[in-house]
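In: coordinates only, sequence not included:
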């Protein structure tokens with residue numbers, strides 16, 4: 001290959017070194033696979049000696065229990081779970097509830113974590129120390145205790161439904177949280193026309209300033225066009241009944257406590273990652289920005305944070321994976337996440353080993369998916385030619 005204008009020849013020693021490295025990797029991988037297969041055969045033999053079969057047919061059998069929240073996939077779409085549905089549909093609801101917590105918590109924790117990391121370096125004494133003690137307190141207490149605190153000492157101490165606080169159409173009580181639901185009406189052809197128009201406008205090449213102005217104008221134009229085509233936007237307001245509120249969007253107290261606990265806990269770790277990355281930047285970055293008269297807000301937004309995000313994404317990915325796995329702590333407060341539903345399925349069917357293998361495989365795939373998305377984002381932010 002060319003290097004500095006010269007061709008580097010591949011010597012026999014270099015070929016042998018590459019071959020030896022590939023063979024050693026293949027041997028290690030083969031040994032690991034053989035060990036895994038041997039372990040599986042030993043487990044199967046042990047089951048057979050005790051007259052217990054190893055099978056995943058329990059996934060298609062009737063569940064026989066209820067799940068408090070979530071929608072199960074059916075042939076006609078999604079529907080609330082009933083005891084007549086199968087165990088695989090129950091596990092699908094558990095996965096849906098896990099994703100529902102993880103995705104929102106990742107987004108909120110990222111925003112709060114960046115704010116905490118920047119606040120740790122603030123010139124304001126109160127802000128700096130408040131961020132420091134909040135971070136230290138959260139990082140030095142177990143997540144399970146924090147989850148219990150948010151559920152028992154905060155959410156369950158809210159007033160009952162009849163005495164719940166109501167403002168701007170929202171209802172906040174210990175039975176749950178209700179919010180207005182947006183209602184949009186329009187035909188399928190209208191939606192397709194709008195989608196095609198949006199795609200066409202976004203495909204137009206333009207600079208950053210022109211693109212922002214075009215998007216703002218597009219939003220106004222689409223709103224007027226939607227009203228002209230027959231789209232109607234309204235709000236379904238929740239109403240308090242005798243025992244429960246109806247209408248709107250409802251969020252269970254278990255979901256709220258788990259979401260808050262995971263968000264605050266992960267944000268503390270992300271804040272420390274951001275703080276360390278900012279302090280690792282050369283001081284000349286700040287001095288150069290100050291010399292041209294940029295305010296601290298512009299220095300952070302246009303100079304510091306763009307460089308920080310190129311550094312912290314791998315560490316962020318580790319925290320995102322930990323957050324996704326920590327959703328399993330929802331079992332402590334009765335939230336029907338994947339691990340909680342697995343436990344119920346295992347108790348109902350007696351298929352503990354098969355169930356835990358399914359749950360482990362799902363968590364593994366979820367972690368791989370998060371890692372893939374973080375690596376793709378990291379690749380897009382990477383400066384070409386810079387390692």
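Out: Structure's in. What do you need? Keep in mind that this is a model prediction, so the values were computed, not measured. Numbers count the residues shown, from 1 in each chain.
In: Skip the chain neighbours and tell me the closest residue to residue 78.
Out: residue 71 (3.9 Å; CB to CB, 6 or more residues apart in numbering). In this view, the C-beta of every residue, glycine as well, is placed from N, C-alpha and C.
In: Who does that neighbour form a beta bridge with?
Out: residue 80 (DSSP bridges).
In: Let me know whether it touches residue 96 as I believe.
Out: Yes - applying CB atoms under 8 Å as the test, residue 71 and residue 96 come out as touching, 6.9 Å apart.
In: Where does the prediction get shaky in this protein?
Out: 1-10, 184-216, 218-220, 222-223, 225-234, 294-296, 383-387 (pLDDT under 70).
In: about what we covered before: between residue 71 and residue 96, which has more neighbouring residues?
Out: residue 96 (19 against 16; other CB atoms under 10 Å).
In: Regarding that one, which helix or strand does it belong to?
Out: Using DSSP states H and E, residue 96 falls within helix 87-119.
In: Kindly report the same for residue 172.
Out: Assigned by DSSP H and E, residue 172 belongs to strand 170-173.
In: Parallel or antiparallel, which strands does that strand pair with?
Out: If you go by DSSP bridges, strand 170-173 pairs up with strand 165-167 (antiparallel), strand 176-179 (antiparallel).
In: any chance you could map the helices in the protein?
Out: 12-49, 87-119, 125-139, 143-148, 188-202, 208-229, 253-280, 283-291, 296-298, 305-326, 338-349, 352-381 (DSSP state H).
In: Residue 313 - how many residues pack around it?
Out: As a burial measure, residue 313 scores 19 neighbours (other CB under 10 Å).
In: Okay, the residue sitting nearest the centre point of the chain and residue 324: tell me how far apart.
Out: Centroid check for the chain by CA atoms, centre = their mean gives residue 103 as the closest residue, at 2.7 Å. Per CB to CB, to the nearest Å, residue 103 is found 9 Å from residue 324.
In: what does residue 123 give?
Out: Residue 123 sits 36 Å away from residue 324, going by CB to CB.
In: Over to residue 338?
Out: Remark: distance between residue 338 and residue 324 (CB to CB) = 10 Å.
In: Need the overlap of contacts for these two.
Out: Residues within reach of residue 338 and of residue 324 at once, by CB atoms under 8 Å, 6 or more residues apart in numbering, are 98, 363.
In: Residue 123 and residue 324: who's more crowded?
Out: residue 324 (22 against 7).
In: my read: the more buried one touches residue 368, true?
Out: No - with contact defined as CB under 8 Å, residue 324 does not reach residue 368; the gap is 10.8 Å.
In: list the residues that contact both of those two?
Out: What both residue 324 and residue 368 touch, as defined by CB under 8 Å, 6+ apart, is an empty set.
In: For residue 112, give me its contacts.
Out: 263, 264, 267, 270, 271.
In: now with 6 Å?
Out: residue 267 (CB atoms under 6 Å, 6 or more residues apart in numbering).
In: This structure - how does it break down into domains?
Out: 105-158+255-381, 181-236 (automatic domain parsing).
In: What distance do you get for the closest residue to residue 72 other than its chain neighbours to residue 81?
Out: For residue 72, ignoring the flanking residues on the chain, the nearest one in space by CB to CB, 6+ apart is residue 89 at 4.1 Å. Counting by CB to CB, the gap from residue 89 to residue 81 is 7 Å.
In: Mind listing what's buried along stretch 333-347?
Out: Neighbour-count burial for stretch 333-347, with 16 or more other CB atoms under 10 Å as criterion, is recorded at 333, 335-346.
In: List the buried residues for stretch 132-148?
Out: Applying 16+ other CB under 10 Å to stretch 132-148 flags 134, 135, 138, 143, 146, 147, 148 as buried.
In: Against residue 266, how distant is the closest residue in space to the last one that isn't next to it in sequence?
Out: Nearest residue to residue 148 in three dimensions, chain neighbours excluded: residue 332, at 6.8 Å (CB to CB, 6+ apart). The spacing between residue 332 and residue 266, counted by CB to CB, is 17 Å.
In: my guess is residue 330 contacts residue 338, does it?
Out: No - using CB atoms under 6 Å, residue 330 is not in contact with residue 338, being 9.1 Å away.
In: quick one: the strand holding residue 172 to chain centroid distance?
Out: 25 Å (CA atoms, centre = their mean, to the nearest Å).
In: what residues does it touch?
Out: Residues outside strand 170-173 that contact it (CB under 6 Å, 6+ apart): 158, 159, 161, 164, 165, 178, 179, 238, 245.
In: By neighbours, which of these wins?
Out: Within these, neighbour counts (other CB under 10 Å) peak at residue 178, which reaches 26 neighbours.
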